[in-house]
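Student: the following block contains a protein sequence and its predicted model.
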Amino acid sequence: MTRSVTFCIGSYVLALVVAGFAGSALAAETRDIMIIVHEGEETTFMGLGGSSTGDDGYAGMSEAVRTDLANAVWKDADFRVLRLWCHRTTTAASFASSFRQLIADARKANPEVVLLLGPTGTVTGQMQQHCAHHAQIIKDLRDSYGITIQATGVTNEPNAHDDWLPQEAAAGVKAMRAALDSRGLQDVKLIAPEVSNVDEKGISYIENIIADQDALDAIDAFSTHSYSMCMTRALRDLEKPCDKEHWQTEASANGPETFTDYRFGTSVAIRILSDINLGITHWCYFLVYSSYDENDNRTRVLGYDPGAGTFRPFYKFHYMGNISRAFSPGTVMRNATSDLDWVFDWYNEAVDKAYADSGQARFNYMIWDERMVFMEQTYGVKAPVALACGRRPDGKWAIGITNFSGDCAPLDGDQGCWVGGTTLPDMIFDAVVRVEELTGAGDIEFEVHRTNGDEEYADEGTVTMSGGEVEVSVDQYDLLTLVSTKSVDPSTSHAARTTRGRGRTLLTVSAPGDGLRRLVRYRVGSEGARAADVQLGVYDMAGRLVKALATGPAPAGEYSVALETETMNAGVYVLKLRCDNATKSARLVLAK
């Protein structure tokens, strides 16, 4: 497998990081990081949304209260997707009775709201009947009640209850498409498979659809949910040749929640930014609003009391609203990568010590430096920072970045830290964001808004991007959005430039090839093309040097060196490249 990772950080900064992570605790609270927004248009983000499972007193509230609630979500925060649950026992009449007022209020606040049907119910041995039932409801809603459903799924979270198996995924989407088309519903988009998480089993549903051309032609978008395992680079790359949208149609957690839970709000923000950076086009929370449930308010973005005729947002709504205002529907996203791969080294040292102190057998988390580079929020240890960047329909550029570090013990459950953080101590990140397409655009002013435990949506004034780079400080639980004050056309400049305040070294490492001979490529870039002291070697998992591949001064440029593995045992090794005081590492797996 070929792996190519870009790493860019000040040499004196990284030297401090390495020293700080040598023990079991960090020596400092602030870390400098760099995130590169790469050139090239990716997916188009079409907005946030949420679900409703039916009327639980909503329609009985006064028109004024309903209007204020609908305007807060669909107009002010500009949510765009309303997902409506529909069971096999539901009829068009009961559906209209339950949802008609909610739909009318949402559409009045924002006529662009998309209605997505969320079919549920057992499909084992009844796929044809299941699809026919829900397709007929969509037709009856249009013909008899004036309710136009624009998109539908097949069924909800099939991987969670195994009544629609991965090997049946293609057949299921073809059955639903046929049921829709036979009723004159060719304009209704079909999204699938709405699996609960992006894990191996969930991906197998998508693989089955991709392998069947008729099934792939039948769907308009892939769909998954974002709980503890969100979108990954691997799934993005699998889907990319298919040229389909990807809808994330449900994210949440269960349990009670207060109105001031900014920590959970940050966990939602980091999932959104990570997901849309990795190709998600529509992002929905579970319940957009519902009546309060003190034991399960975490599933709601806003809650209401039908008896009192009042509503109130949970704190996650402020994080979501900040992102939605910055990334207006139609924003064309770019892909960003970070230099957070040092988390990999720190985590292994910390978890080794924690298990040694506890006397427990070590649980081997599947954590790779690549996961941190792409800022994934997936199983196990999650990246403490996520950033997304895109160009809006009005030509303005939007950037969102959040910090979800936290002091969570490495032994805190097999799924790693989530609400409690990412196993990193509390940290402040001084981030340099480089947008490759703006390096030749001159100075650009960005308006900044911050959401955290103290501020729901604070105006932080402006910052200036120069030569495509902007610096921001992101405290723990901060969400910052930056929007350029004017439309800016992409303008790259490959001329040498001075980076502000830091002498950075740019490194890339790849190790392609199979068999006994590998070719290791690396690139050394340095400010002003000065020579750098380079050391490249292969180390075992105990940190012992196995092979030295390059040593000595090297000017900026591309290099390659052959790695002969004939005398090396099968196993996992670390390729480590040091350039002055900067370090980049990559995993190397040998199978013989």
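Tutor: Thanks, I have it.
Student: is Arg271 in a helix, a strand, or coil?
Tutor: What DSSP: H, G, I helix; E, B strand; the rest coil gives for Arg271 is helix.
Student: for Thr451, see how far away it is.
Tutor: As judged by C-beta to C-beta, to the nearest Å, Arg271 and Thr451 stand 15 Å apart. C-beta coordinates here come from the backbone N, C-alpha and C atoms, glycine included.
Student: again, but for Asp293
Tutor: 25 Å.
Student: neighbour-wise, which of these two wins?
Tutor: Shown here are Asp293 and Thr451; by other C-beta atoms under 10 Å, Thr451 has more neighbours (26 against 15).
Student: just to check, the more buried one is in contact with His318?
Tutor: Yes. Using C-beta atoms under 8 Å, Thr451 makes contact with His318 at a distance of 5.2 Å.
Student: shared neighbours, those two?
Tutor: Counting by C-beta atoms under 8 Å, 6 or more residues apart in numbering, the shared contacts of Thr451 and His318 are Gly265, Tyr457.
Student: does Gly468 touch Leu438 like I think?
Tutor: Yes. Look at Gly468 against Leu438 with C-beta under 8 Å: they come within range, at 4.3 Å.
Student: who's more crowded, the two?
Tutor: Neighbours were counted for Gly468 and for Leu438 using other C-beta under 10 Å; Leu438 has more, 27 against 23.
Student: and the more buried one, its phi and psi?
Tutor: Reported as degrees, to the nearest 10, the phi and psi values for Leu438 are phi -120, psi 10.
Student: residue contacts, it?
Tutor: For Leu438, counting by C-beta under 8 Å, 6+ apart, the contacting residues are Trp397, Ile444, Met465, Gly468, Val488, Pro490, Ser491, Thr492.
Student: hmm, which of the residues you listed are the buried ones?
Tutor: Among those, those buried by neighbour count (16 or more other C-beta atoms under 10 Å) are Trp397, Ile444, Met465, Gly468, Val488, Pro490.
Student: nearest to Glu566 among these?
Tutor: For the buried ones among the contacts of Leu438, the residue nearest Glu566 by C-beta to C-beta is Gly468; the value is 44.8 Å.
Student: measure that closest one to Ile399 for me?
Tutor: According to C-beta to C-beta, Gly468 and Ile399 sit 12 Å apart.
Student: okay, buried residues for stretch 465-477 please.
Tutor: By neighbour count on 16+ other C-beta under 10 Å, the buried set for stretch 465-477 is Met465, Ser466, Gly467, Gly468, Glu469, Val470, Glu471, Val472, Val474, Asp475, Gln476, Tyr477.
Student: tell me the contacts of the fourth one?
Tutor: To tie it back to what came earlier, the one meant is Gly468. Arg434, Val435, Glu436, Glu437, Leu438, Thr439, Gly440, Ala441, Ser493.
Student: may I see those residues organised as JSON lines, with pLDDT added?
Tutor: Shown next, in JSON lines, are these (pLDDT from 0 to 100):
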{"residue": "Arg434", "pLDDT": "95"}
{"residue": "Val435", "pLDDT": "96"}
{"residue": "Glu436", "pLDDT": "94"}
{"residue": "Glu437", "pLDDT": "96"}
{"residue": "Leu438", "pLDDT": "96"}
{"residue": "Thr439", "pLDDT": "93"}
{"residue": "Gly440", "pLDDT": "93"}
{"residue": "Ala441", "pLDDT": "94"}
{"residue": "Ser493", "pLDDT": "58"}
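Student: just the ones in strands from the residues you listed, please.
Tutor: Within those, residues falling in strands by DSSP state E are Arg434, Val435.
Student: weed out the non-buried ones from the contacts of Gly468.
Tutor: By 16+ other C-beta under 10 Å, the contacts of Gly468 give Arg434, Val435, Glu436, Glu437, Leu438, Thr439, Ala441 as buried.
Student: for the last one, give me the backbone phi and psi.
Tutor: Summarising the backbone geometry of Ala441 under the convention degrees, to the nearest 10, its torsions are phi -90, psi 0.
Student: contacts only, for Arg271.
Tutor: Residues in contact with Arg271 (C-beta under 8 Å, 6+ apart) are Ser226, Cys230, Ala251, Gln377, Ala386.
Student: all helices of the chain, in order?
Tutor: For the chain, the helices defined by DSSP state H occupy 11-20, 63-70, 92-109, 127-145, 158-161, 169-181, 200-210, 213-218, 233-239, 262-277, 316-326, 342-358, 369-373.
Student: so which of those gets nearest Asn569?
Tutor: Closest to Asn569 of these is helix 342-358 (C-beta to C-beta; 20.1 Å).
Student: what sits up against stretch 129-146?
Tutor: With C-beta under 8 Å, 6+ apart as the test, stretch 129-146 has contacts from 86, 88, 90-92, 95-96, 100, 117, 119, 121-123, 147-149, 152, 154-155, 172, 175-176, 178-180, 182-185, 188.
Student: coming back round to it: would a markdown table of the buried residues of stretch 465-477 with distance to Val198 be doable?
Tutor: Formatted as a markdown table, the buried residues of stretch 465-477 follow (distance: C-beta to C-beta, whole Å):
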| residue | distance to Val198 |
| --- | --- |
| Met465 | 33 |
| Ser466 | 37 |
| Gly467 | 36 |
| Gly468 | 31 |
| Glu469 | 32 |
| Val470 | 31 |
| Glu471 | 32 |
| Val472 | 29 |
| Val474 | 25 |
| Asp475 | 29 |
| Gln476 | 26 |
| Tyr477 | 25 |
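Student: between those, which is nearest Gly537?
Tutor: Within the buried residues of stretch 465-477, proximity to Gly537 (C-beta to C-beta) peaks at Glu469, which comes in at 31.6 Å.
Student: is that closest one in a bridge, and if so with what?
Tutor: Applying DSSP bridges to Glu469 gives these bridge partners: Arg434, Ser466.
Student: tell me how far it lies from Val432.
Tutor: For Glu469, the distance to Val432 equals 6 Å [C-beta to C-beta].
Student: likewise Thr551?
Tutor: Per C-beta to C-beta, Thr551 is found 30 Å from Val432.
Student: over to Met568?
Tutor: 38 Å.
Student: for Val385, same thing?
Tutor: The spacing between Val385 and Val432, counted by C-beta to C-beta, is 12 Å.
Student: between those two, what contacts are shared?
Tutor: Common neighbours of Val385 and Val432 (C-beta under 8 Å, 6+ apart) are Ile33, Ile35.
Student: kindly reformat the buried residues of stretch 465-477 as CSV containing distance to Pro306 and pLDDT.
Tutor: Shown next, in CSV, are these (distance: C-beta to C-beta, whole Å; pLDDT from 0 to 100):
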residue, distance to Pro306, pLDDT
Met465, 48, 97
Ser466, 53, 95
Gly467, 55, 93
Gly468, 51, 95
Glu469, 51, 95
Val470, 46, 96
Glu471, 48, 95
Val472, 42, 96
Val474, 39, 95
Asp475, 38, 92
Gln476, 37, 90
Tyr477, 32, 93
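Student: from the residues you listed, which is closest to Pro425?
Tutor: Using C-beta to C-beta, the buried residues of stretch 465-477 come closest to Pro425 at Gln476, 9.4 Å.
Student: follow-up on the earlier one: for Met568 and Val432, indicate the residue with more neighbours.
Tutor: More crowded of Met568 and Val432, by other C-beta under 10 Å: Val432, with 22 against 17.
Student: what's the separation between that one and Ile35?
Tutor: Val432 sits 7 Å away from Ile35, taking C-beta to C-beta as the criterion.
Student: now do Phe314
Tutor: Note on Phe314: its distance to Ile35, by C-beta to C-beta, is 29 Å.
Student: cool, and Val385?
Tutor: The gap separating Val385 from Ile35 is 8 Å, by C-beta to C-beta.
Student: what do those two both touch?
Tutor: Common contacts of Val385 and Ile35 (C-beta under 8 Å, 6+ apart): Ser338, Ile401, Ala431.
Student: confidence score at the second one?
Tutor: Translated: Ile401. For Ile401, the model assigns a pLDDT of 98.
Student: residues touching it, list them.
Tutor: Ile401 neighbours (C-beta under 8 Å, 6+ apart): Ile35, Leu273, Val385, Ala386, Leu387, Ala431, Val433, Val472, Val474, Leu479, Leu480.
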